[in-house]
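S.K.: Fold the following and give me the result.
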Amino acid sequence: MRTLTASNVIAALLCACSANHVQPMSRSPGERLCIIENPRVRPEFLQEYRDALRARGIESEVLAPTAGIAACPLTSRYLAAWTHGTLTSAHLDVFRDGQPAGRAVYQNRWSLSGYSRGLLNEMVDQIFAK
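M.R.: Reported below is the predicted structural model:
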């Protein structure tokens, strides 16, 4: 007979609470990423996204919210939502010449964990896999 320990139950709950989808892409060295600002998302999310990119040697610039996905050769849009101060979803989409090129999606279904800078770092690592 198998006994369930508290750590087994917690691990099962944590695995069940988030869903991730990643579509990695390749990038040429020195290629700059234009990020279309999303005014509906907390400003610190954009800054942390840019920090995660810079830490990997990826330069970025912020475009107006009205810019299109073909405004630069490599462009990104982002979405993020919080419930009661907890990040519940984050989406990073990257486009090359206006066409989908990379994506990372994080969904925290039950808001069991708080937001961390590490999540954006992981998402950027997954999109721009080496």
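S.K.: tell me the SS of R103?
M.R.: strand (DSSP: H, G, I helix; E, B strand; the rest coil).
S.K.: I'd say it and I127 touch.
M.R.: Yes. Using Cβ atoms under 8 Å, R103 makes contact with I127 at a distance of 6.9 Å. Heads up, the C-betas are built off the backbone N, CA and C, glycines and all.
S.K.: what's the overlap in contacts for these two?
M.R.: V22, Q23, L92, V94 (Cβ atoms under 8 Å, 6 or more residues apart in numbering).
S.K.: Now that the first one has come up, it's in contact with R103, right?
M.R.: Spelled out, that is V22. Yes. Taking contacts as Cβ under 8 Å, V22 lies within contact range of R103: 6.9 Å.
S.K.: which residues are common contacts for the two?
M.R.: Residues touching both V22 and R103 (Cβ under 8 Å, 6+ apart) are I127.
S.K.: A90 bridge partners, please.
M.R.: A80, Y106 (DSSP bridges).
S.K.: gap between it and P29?
M.R.: Distance of A90 to P29, computed by Cβ to Cβ, to the nearest Å: 26 Å.
S.K.: what about these two, which has more around it?
M.R.: Comparing A90 with P29 by neighbour count (other Cβ atoms under 10 Å), the higher total belongs to A90, at 23 against 6.
S.K.: low-confidence ranges in this structure?
M.R.: 1-19, 109-117, 130 (pLDDT under 70).
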